[in-house]
Every structure is written in structure tokens, then in C-alpha cells.
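> A predicted structure for the sequence below; I have some questions about it.
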Amino acid sequence: MDYNHKEVEPKWRNLWAETKLYKVENDTSKPKFYVLDMFPYPSGAGLHVGHPLGYIASDIIARYKKQQGYNVLHPMGYDAFGLPAEQYAISTGVHPAISTDENIARYRAQLDNLGFNYDWSRQVKTCDPSYYKWTQWIFLQLFDHYYDTGLDKAMPISALISKFEADGNAQIQAATSQSEYFTADEWNVMTQTAKEEVLMNYRLAYRKVGFVNWCEALGTVLANDEVKDGVSERGGFPVERRPMMQWSLRITAYAERLLSNLDKLDWPEPLKAMQQNWIGRSEGAQMFFDIDGQDLQLEIFTTRPDTIFGATYMVIAPEHDLVPLLTTLDQKAEIEACINYVKNKSERERMAEVKEMNGAFTGSYAINPFNQERIPIWIGDYVLKEYGTGAIMAVPSDDERDMNFAKKYNLPIVDVVDKSNYPGATLHDKLGIIINSDFLNGMEVPAAIQLMFEKMETQGVGSKKINFKLRDANYSRQRYWGEPFPILYDAEGNVHTVPVSELPITLPPLDDFKPTIDGKSPLARLEDWVEVDGMSRETDTMPGFAGSSWYFLRYMDANNDQAFASPEALNYWQEVDFYIGGAEHAVGHLMYSRFWHKFLFDLNLVPTEEPFKKLVNQGMIQGVIESIYLKKSESGDSHFYSEDLIDPQSIADFAKIPVHVDFVSKYGSPESHLNANGIQQFIAWRPEFHNATFHTKEGIFHANDFGSSAKLLTKSEVGKMSKRYFNVVNPDDMVEKYGADCFRMYEMFLGPIEQSKPWDTKGIDGVSKFLRKFWNLIHNEGTLQFTEETPNDQELKLLHTTIKKVTDDIERFSLNTTISNFMICVNELKRMNCNKKAVIVELVKLIAPFAPFIAEEMWLQLGGEGSVHHASFPKVEEKYLIEDTVVYPICVNGKKRDELEVAKDMAPQEIEKLVFEKASVKKWLDQPVKKVIVVPGRMINLVV
RNA sequence: GCCGAAGUGGUGGAAUUGGUAGACACGCUGGACUCAAAAUCCAGUGCCUUCAACAGCGUGCGGGUUCGAUUCCCGCCUUCGGUACCA
């Protein structure tokens, strides 16, 4: 009988659960190690084969560290609030709490199947009131603090109020959106409402106007993800950007620290680079331009004040506050048309369409403070309200986008930088000699920038400023399935916080998850819930990142009801030592978590400034995404077109609607298509398209008369495996067929953990064979067979070479090559006919982190004490590895021609002599030898 | 558009610091065992010319540095991730 995973795996799974093998205690004398996975969103499609890639890797690391004697914290939980559960509720009526629990149960079963060593007593679920109580609590702390830029930390709002009462705000150093100064007297006579308004400009959690994707036809705010090609993904209706009062988090206060602390982190450099660029620190000038004929000033930010004489026009964002004031009667129609057009485009589209920028002249002029010339003020879609001041001076000669805009609208271009002395310098390089620029003429760019800073200050028209691309985080969602805010509004609209003693504010039950007619959150339907003692509750909920920004702290003390975690637990576990997750979280989750952690650090609530010491990005297991083309239409009629009918020119007129890969014939290939059967499945699945027409090469059909030979060609792409693309492959069948050990090792064997690759099961037989061979080292025809003989030198050398390679490879996180090493070792032992217990028992300990089930079974059979997962990891003994000869490759002009085996310590001169005696070398010697290079221990190269 | 990554045989991948390109697997071909099949075992397998090679070519494309480049530099192409309300 061969190895039977169907017997062995369930047996150990149950035993491990019974004996609580993976329970972790906080209080211990051992050194700690915290291994963390990014917790999953429990999607309705279940765990897919991409999830375990990271989980298996972290499980291996956790088990490896345990065997090395660490007390390892390795928890798991669920990021359970989110949009998909709510969408599911809207379409099926199933309450998100129910569908989420079902999904979690399924995830749990799937995770258990894979034999992970999680301590489930520490499970975290972000939608659980006992958890989100603390999410709400942290929000209240953010609300009650401001950022003191002098002390460089968060301070209580009460301290700020005392300062206002004593001195006003002129001396306050703080991260603020406040630009007006007031004295103590002025403050003291302000109404409560006015005071609250001022404080709002300082709080780390504050309210301001933000923009949302509004879909009039659906009567709801859409996530960016629900908008495809400028129309709603559901139904293809127009979407516009609409201002709405929103909660925000002042992450920008932490920009400098988020940037500089990156140095301390053992993170992949590319990821740090992404965060760096996302924060986008730039030094430049804040300048004020007077407006011709009006008592107004336009504030701009530029990194190139030296090019001001090339500023032939100004551009402000179409949403800029000054637009109505600057627009003259003549230009009103044009400006409105432009604003209307821009409203329908997302920010990303606006940034992407560099060649199709849109703008309009406001009719007003700004005055260049250095030569008093009038500069026309335009609005333009390439300037974003949220970045900088939402206004720029455009220098078409020195900026690509300004140049394109100027060309499109025939605006003048004046060269101000002569780069002829700097061949190869691009527009982005701050190099060259200033020309056409009055007092700056002849200066080098960096010197001119310095001079401009001085001039601006003396003339009082501007000053040096550090600007960040990073923007404050929008924290409001007009949705049901999220954390409610612990916030009430009185009749005047003043904000009141709910006392901590009343937390959590639980999410009330609800049957109708659709938004209200005016686009408010579904919670606004619950009048009884909203009205409290003459005040009304905030009906928006918190965004997905709220719960995921601190969950790793909760695992340290998951069941505490007095604090988010006890100081003792926090002090013991400190920070996450090893964090693994997808690179898609590079600037979202990882930035927000760092921000929250720093805030909690400022409040002395956590012991470290950074949450994640070491981070590894696992790649993505990709799937095939199949979609069909829907012609965009205002009328709401749906016309689908076969891919072969669409010419590339008109591709922008179509929206791609993803279809379930199961409906598609020949999916993943260029011939992928929907046939009549596939169309039926599609309509059953997306009934809103039951009246759609389908345009194919074979003719135009409706769903019910789709031609039997007709094909609606689909678009096949490689991409994310995700419920939203309906292309999820589950691990369950694989685990059932091959066992968890095999599945685990196969996913690791696929390639480097960081690399993305499409899912493919072709090679799994190789791993399956390997496990059988490994088992059969001590089994023969189903009976246990091993000897107690002492291993010989050759066997010990093989064993210790393997220990060394495996240890090295785990340390540098190269798990695919670790498995190659196991294969080589087992092949070799088989060749040697070695079934000596002393060798194999070491190998069992070595492989235990990778294949925990088979290792445990073999450990038992070989007479091991307790669990192999508590056995110490083998240590290499160098004395078995000593080699006395070296094989050198002999290369001629860098190409290998022969080999030479010599004693390890032979001198290079002697080696050289031997090389020239080789017959294979001699035939190259009819040409003169220019040089002989001997790299000791490495190689020999002859240059002829 | 912008930021980041990847590209090596028929396939997944290896080559850790500039030093033998293709480890380990999958697949394929041939053979052994078998009435037969599966399983297992043995041999071969980058391409090309070839009786055969120790000949030539070969790490996305085009250049460069070097005795030597998958690895470093410059310029492209393609694909993937992110792009601030998917998670």
C-alpha cells in the first residue's frame, strides 16, 4: 500500500485540534516571533488557489521558527466588512451578516483543510461588535487629537483649546486646513458652532467636502470599482463626480514621518519606492497671484518658480472654489460646458488622457507679480483639486502637459530654459540656463530657483513650501455594511461624540440595503435608530480600511474587553516580525496601517513606531478574465458585440462586461466565445440583460433565438483571480485528490513566492511522486522498513548538504528551491538504498514545516517523541561538508570548453600549468594567448 | 498618463556577490515490466547543421561596459499590479 493522505491527514487534523497543538500563550520565557498573513475578505466565491500561496509560505516560516525555539504568534482572521456582501444583499435580500458568516465558515473549512498552524482562539472578525468597538474607539481618539508640527506628534484637542483661550492661534504649529488667524479674545467670544468649525480644521478626523461618484440612474454613490469606462458597471449608466460632506483622516500630518521611517523597514525596495512616490514630497514655492480687477488672490504651488516668465497662462481645477468668481459673463457658457464634461470623468481618466485634455478660458487674468503682465486663467481637467492648491502656473516650454494644453488651445509658448549645454537632459531635470526672464537671465536653474525664493519672500508674494502628493483619506461611505460612526449631530449640525462607555454603536438590523432617494446611506432609512434625544446619528459608515488598519494588534490579545489589547500583550509581542501579503496593498492598507500605528504610538498606546518590521510580497496567482463588449448607450438599450466585429479605433465606445469563465467555450484562448448555451447561462445570471441584442458575424440575435452555430467572441485576458471577474479556482478539489501536503508543496514549487503566475496544475504529479518516494524510503510494499545502522560518510554528507541548503533557502525565502533540494536528496538516498533511521528522522524534521501531515506520521513510525512540530530543526554540521577537490570550468573567451579537477588549495600558477597540458585546450593555442584569468574556487578563462 | 514589477527550452522554473545558462520538475521520445493498460523503473531531450560533434546560435528587442553579462548601464516592446470608494 502506498501512502494514503485520505487516512493520514484527517487523523492528524483532528488530533492536533484536540490537543490544541497550535495554541499560543503570551506569557513565556521564549523569544517571540510574530508571523502575519494579510487577512482575507471572505468572498462568496470561497478561498481561491491564490490565497494559500502566501498562507502556505507564512505557515512554513511559522513552523520553522517554532522548531527553532521561538514562541510564534501566527493568527488568522477576516476582513469582513465590505462592498461585495452589500451588493449581494441588494440583489438577493440575504443579510450581509448572514452571507458573511456563511462565507467565513467556508473559508475556515478550507483553511483547516490545508493544515495551517493558526491559533484560532485569537481569530479576529472586523464586523464583530467586540472588535469594531475598538475601531470606533480609535476613530474617537483621532477626532480628539490634532497634530502638533512643533512636537511632531499628535496632541489632545483639549490642549489646543487651552492655547486658543490664552493666545489665539497665531503661534500654533499644527497640521491644519485653517488659514485664518484669530486672537484669544476673538476665540473666547465665538459661538460654540464657530468654535467647532475652527477645531474641525485641526482634528485628525474631520469633516470636509469630498467628491463621490454619483450615479443618478441608480440613485447611489458608486465605488471606483463599480465604474467602468465612465459608466456604471451595472447597467452602463452615466456617472458624475459630486461634492458631498465627508469624514476625512488627516494622514497628511504624518507624511514626513511616513516617508522618513521607510528607511528603518526591512521591506522590498520597490515597495518602499511606491510608498515614497505616493507620498510624493516635493519642495517648491507657494505663490499668490493678484487677480486683475478683483480683490482676490490665486494661490498656486510650483516646484519651478524660476520659470515664472514662461508662465503664459494659469490653470485651475474645474472644481476650484474660485471658478464662479473668475468666470466672466462672456465665458460662462463655455466654462459650464467644460465643467459638465469633466464631471463625468474619473480622476484616473483625467490623468490618463494626456493627449485629450480639456479646458476653457474663465475670462479673468492673474498678474505676474514680477513684471505685472496679465496672464489668462483657464480651467483644465489635468489639474486636480485635491493636489497642491488645485491651481498651477502653466509653463508650456518646460512641462509636457502644459505644452500639450497650450498647443490644443493655441496659447503662447515662451522658452525660458536653454538646455543646450546639457545634452541628454530631459524636461524633468532642473538643469539649464535661464533666458527670456528679466533679472534671471543667464543664471543656472538651481541658482535661479534660490533667487526666486528670496525675491518672493521680500516682495511678500510667496514662500518656500513642502508639498505632498499624499492626500487626506476620505473616511465616509454611503453604505450599510461597515462600522457606524460614534457621532451625533445636534439641530445646529454641531458634531457630538458618543461617550466611550456607550461603545460599540452596533450596526442596526435592516432589510432594505438600497440607498435612500437622496443618496444617503441605507442607515438613514431607520428613523428610530437615527434620532437620539433630539440629536441625529451619522448615517454614513466607515470604509474598508478602518478595520484592517489595526487588526494585527488585536491578535496579540484578541478577547480583551477592557482595551484593544493589554499593555502587557503589546509589550511582549511588540510588532509584526514577518508580514506577507500581496503587492496590491502597497499604498493602501500598508500606508493606512502605518499611519494609525504612528498615531497610537504618539498616544503611548503601542510600543513601536512601525507595525511591520519585515514584509514580503507574494505574487498573485492569476486567472483568465473573460468579458464581452457592451456598446455604451444613453438610452439603456443593451447591445453586445462579438470581439471580431470591433475595430480597434472604436474600442472606446464599448464597455467590457466580465462573464463567468464557466459560460465561455475555449476560455483563455483567442477563440474563446459564448455559444447559444453560454448566452442562456449569461442571461440567467445577469437577468438585467434579458432584452439585450447580440451582434455576431453570424447575425444579430436575442437571447432566445441565438443561432446554434453563432459565436459571440469574448475578450480573454490574464489577470486577478477574483469574484468580480468570476474566474475563481478553488483549492478543495486538488486537496481532495492529492492531499494538503502535496498541494502545499506544489504551490511553493511553482516558482518564487514574489512572482505572479497563471494557475496551472500541470506539474503537480511531480510533487505527488516525490512524496510517495519520500514515504517509500522507509516503506516497502506497505510495510515499515528501516534500520538502526550508523550512517556512512557519504550519507552524512548528503544529509548535511541538504540541511545547509534547506536552511539557507528558507532564510532567504526561496521556498521553491528548498523543495528541489528535498527532491535531490530523496532521489540520492534512493540510489544509495539508504533507509537508516538516523538519516531519515532528520529529514522528517526538516520537511515538517512544508508537509506537516506526512512528517508527523513518519515521525510517529520512526519512534519520535511527541509531535514532530515540537522537535528542534536540524542544524548543519560543517565537518561533513568538507571537500578536498574543486572542479574548475575551463573557458576560452568566456565559453566553457572543458573541466579540470584539482586539489582545493592548489596555487593559481600550478592550475594554469595543468590547463595548458590539456588536449582540449591545446587546440585553441594556435592563436596567441593574451591573458589567463584564474578565479580561485570559481573558474578559469583563457583570452586568445 | 504616472508609480512599481516581470519577460530564460514545448511548459513551471534554477543560476544567492559579474564567473560552467537550463538545477529540480512537468511534458515529450525510446526502452524494460505486462495478455493489455495503469503504476513503476531505465535512457534521451535548448535550437540548428550533422553520421557525429569538443562547430555555430541561444536568457523579450536594439545598443554599451567587461577577459567574462540572465545579472551592470542607456533606449525600446509586451504583460501584470497600483492609481486614492474592490479588498
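In hand now; what should we look at?
> which part of the stretch 251-400 of chain A gets nearest to RNA strand B, residue-wise?
Closest approach of the stretch 251-400 of chain A to RNA strand B (C-beta to the nearest atom of the strand) occurs at A:P270, with a separation of 3.2 Å. Placement of C-beta: from N, CA and C, glycine included.
> now do the same for that residue: helix, strand or coil?
Following DSSP: H, G, I helix; E, B strand; the rest coil, we place A:P270 in the helix state.
> what count of nearby residues applies to it?
11 (other C-beta atoms under 10 Å).
> report the distance from stretch A:474-486 to the chain centre.
21 Å (C-alpha atoms, centre = their mean, to the nearest Å).
> distance between the ends of that stretch?
Chord length of stretch A:474-486, first to last residue, is 17 Å (C-alpha to C-alpha, to the nearest Å).
> is that stretch anywhere near RNA strand B?
Yes. Residues of stretch A:474-486 contacting RNA strand B under C-beta under 7 Å from any atom of the strand: A:N474, A:S476, A:R477, A:Q478.
> of those, which belong to strands?
Counting by DSSP state E, these place A:N474 in strands.
> neighbour-wise, which of the residues of stretch A:474-486 next to RNA strand B leads?
Neighbour count (other C-beta under 10 Å) singles out A:R477 as the most crowded of those, with 25 neighbours.
> so that one touches A:P543, yeah?
Yes. With contact defined as C-beta atoms under 8 Å, A:R477 and A:P543 form a contacting pair (5.2 Å).
> just to revisit the earlier point, can you list the residues of stretch A:474-486 next to RNA strand B in a markdown table and add pLDDT?
Formatted as a markdown table, those follow (pLDDT from 0 to 100):
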| residue | pLDDT |
| --- | --- |
| A:N474 | 94 |
| A:S476 | 95 |
| A:R477 | 94 |
| A:Q478 | 93 |
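> what is the most widely separated pair among the residues of stretch A:474-486 next to RNA strand B?
A:N474 and A:Q478 (11.3 Å; C-beta to C-beta).
> tell me how many other residues crowd the residue in the stretch 51-200 of chain A that RNA strand B sits nearest to.
Minimum separation of the stretch 51-200 of chain A from RNA strand B (C-beta to the nearest atom of the strand) falls at A:G82, amounting to 3.0 Å. A:G82 has 24 neighbours, counted by other C-beta under 10 Å.
> next one: A:I517
When neighbours are counted by other C-beta under 10 Å, A:I517 registers 8.
> what helix or strand does the residue nearest to A:N827 when sequence neighbours are not counted sit in?
Leaving aside its sequence neighbours, A:N827 sits nearest to A:K773 (C-beta to C-beta, 6 or more residues apart in numbering; 7.5 Å). In this structure, A:K773 sits in helix A:764-776 according to DSSP states H and E.
> which elements pack onto that helix?
When contacts are defined as 3 or more C-beta pairs under 8 Å, 6 or more residues apart in numbering; DSSP states H and E, helix A:764-776 sits against helix A:732-738, helix A:740-749, helix A:815-831, helix A:852-861.
> so which of those is the most packed in?
Of all those, helix A:740-749 carries the top mean neighbour count, a mean of 26, counting by mean count of other C-beta atoms under 10 Å.
> after it comes which helix or strand?
Using DSSP H and E, the helix or strand that follows helix A:740-749 in sequence is strand A:757-758.
> wait, does that next one contact RNA strand B?
Yes. With C-beta under 7 Å from any atom of the strand as the criterion, RNA strand B is reached by strand A:757-758 at A:K757.
> gap between that strand and the chain center?
So, by C-alpha atoms, centre = their mean, the centroid of strand A:757-758 is 18 Å from its chain's centroid.
> repeat that for stretch A:340-348.
25 Å.
> end-to-end on it?
Stretch A:340-348 has an end-to-end distance of 17 Å (C-alpha to C-alpha).
> show me the helices in the stretch 1-150 of chain A, by range?
A:5-18, A:51-67, A:83-92, A:96-113, A:129-143 (DSSP state H, counting those that start in this stretch).
> same thing with the stretch 451-600 of chain A?
With DSSP H, counting those that start in this stretch as the criterion, the stretch 451-600 of chain A has helices spanning A:527-530, A:544-548, A:551-554, A:567-573, A:589-602.
> what's the burial count for the closest residue to A:T817 other than its chain neighbours?
Counting by C-beta to C-beta, 6+ apart, A:T817 lies nearest to A:D809, which is 5.1 Å off, once chain neighbours are set aside. Close neighbours of A:D809, defined as other C-beta under 10 Å, add up to 17.
> wait, isn't A:I517 in contact with A:L218?
No. Look at A:I517 against A:L218 with C-beta under 8 Å: they stay out of range, at 11.6 Å.
> give me the low-pLDDT residue ranges for the stretch 251-400 of chain A?
Filtered on pLDDT under 70, the stretch 251-400 of chain A yields the residue ranges A:354-355.
> please apply the same query to chain A.
Along chain A, the model assigns pLDDT under 70 to residues A:1, A:354-355, A:423-426, A:648-649, A:668-671, A:926.
> just the closest residue of it to RNA strand B, please.
For chain A, C-beta to the nearest atom of the strand, closest residue to RNA strand B: A:G766, 2.3 Å.
> and the stretch 801-944 of chain A, which residues reach RNA strand B?
Residues of the stretch 801-944 of chain A lying close to RNA strand B (C-beta under 7 Å from any atom of the strand) are A:805, A:808-809, A:812, A:814, A:816-817, A:819-820, A:823-824, A:827, A:887, A:889, A:891, A:893-897, A:899, A:920, A:923, A:931, A:933, A:935, A:938-939, A:941, A:943.
> just want the most central residue of chain A.
With distances taken as C-alpha atoms, centre = their mean, the residue of chain A nearest its centroid is A:H585 (1.1 Å).
> can you pull the contacts of that one?
Neighbour list for A:H585: A:M38 [criterion: C-beta atoms under 8 Å, 6 or more residues apart in numbering].
> now do A:F81
A:T126, A:C127, A:Y132, A:W481, A:G482, A:E483, A:T541, A:M542, A:G544, A:A546, A:G547.
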